[in-house]
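Trainee: What would the 3D arrangement of this be:
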Amino acid sequence: MDFQELVLKRQSTRKYLPDNVDKKLIDKCIEAARLAPSACNSQPWHFVVVDDREKIRIMGEAAAGLGMNGFAAGVPVIVAVVLEKMNFTAKVGSMLKNKDYCMLDLGIAVEHFCLQAAEDGLGTCILGWFDERKVAKLLGVPKGKRIPLLITAGYPDCDIRKKVRKTTEEISSWNSY
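Mentor: Numbering: from 1, shown residues only. Predicted coordinates for the structure are as follows:
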């Protein structure tokens, strides 16, 4: 498939088949994320892949609340994205320019993960709403480290939806705002 087809295929999947996911497919997603660019090649990420059903249930409960993410307790895989320290150069640049480079880098790596998953027939959903402390404790993430995002993954049990987006004219301009 070409890139535009891939972009149209990639969506936030909230309904999955109960089938286990081939670890080789998740490894391909991790490899795609590993190859993502980052400020000063800092690579400020660590991916904790969870396929243990009991841990997924607990993580799903941690992600559910106020009507959010109720589907997460029954997914085949959840990946916790742990924020690691930036290297010195990226950290200094981030402070000097008042831009959170590590979070930008994480977003790029996570989307690489999700695009690879879509190419291989997996669905994903990026979650930011969850009890971070509960997840960190469950996974043994060292104190002081953050988990900004979770990624659910599995074989989708839904059709590709038509994307509803703003027009190109609403989101872009040339030569001035």
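Trainee: Could I get the full set of strands for the protein?
Mentor: With strands called from DSSP state E, the chain shows them at 45-50, 77-83, 123-127, 146-154.
Trainee: who wins for proximity to Glu61 among those?
Mentor: strand 77-83 (11.6 Å; CB to CB). Every residue, glycine included, has its C-beta placed from N, CA and C.
Trainee: Could you report the pLDDT at Met86?
Mentor: On pLDDT, Met86 comes in at 88.
Trainee: wouldn't it be in contact with Ala39 here?
Mentor: Yes. Counting by CB atoms under 8 Å, Met86 does reach Ala39; the two are 7.0 Å apart.
Trainee: how far away is Gly65 from Trp129?
Mentor: Look at Gly65 and Trp129: by CB to CB, to the nearest Å, they are 7 Å apart.
Trainee: looking at the protein, which helix or strand is least sure?
Mentor: When the helices and strands of the chain are scored by mean pLDDT, DSSP states H and E, helix 88-97 comes last with a mean of 90.
Trainee: Just name whatever secondary elements that helix is in contact with.
Mentor: Under the contact definition 3 or more CB pairs under 8 Å, 6 or more residues apart in numbering; DSSP states H and E, helix 88-97 sits against helix 101-119.
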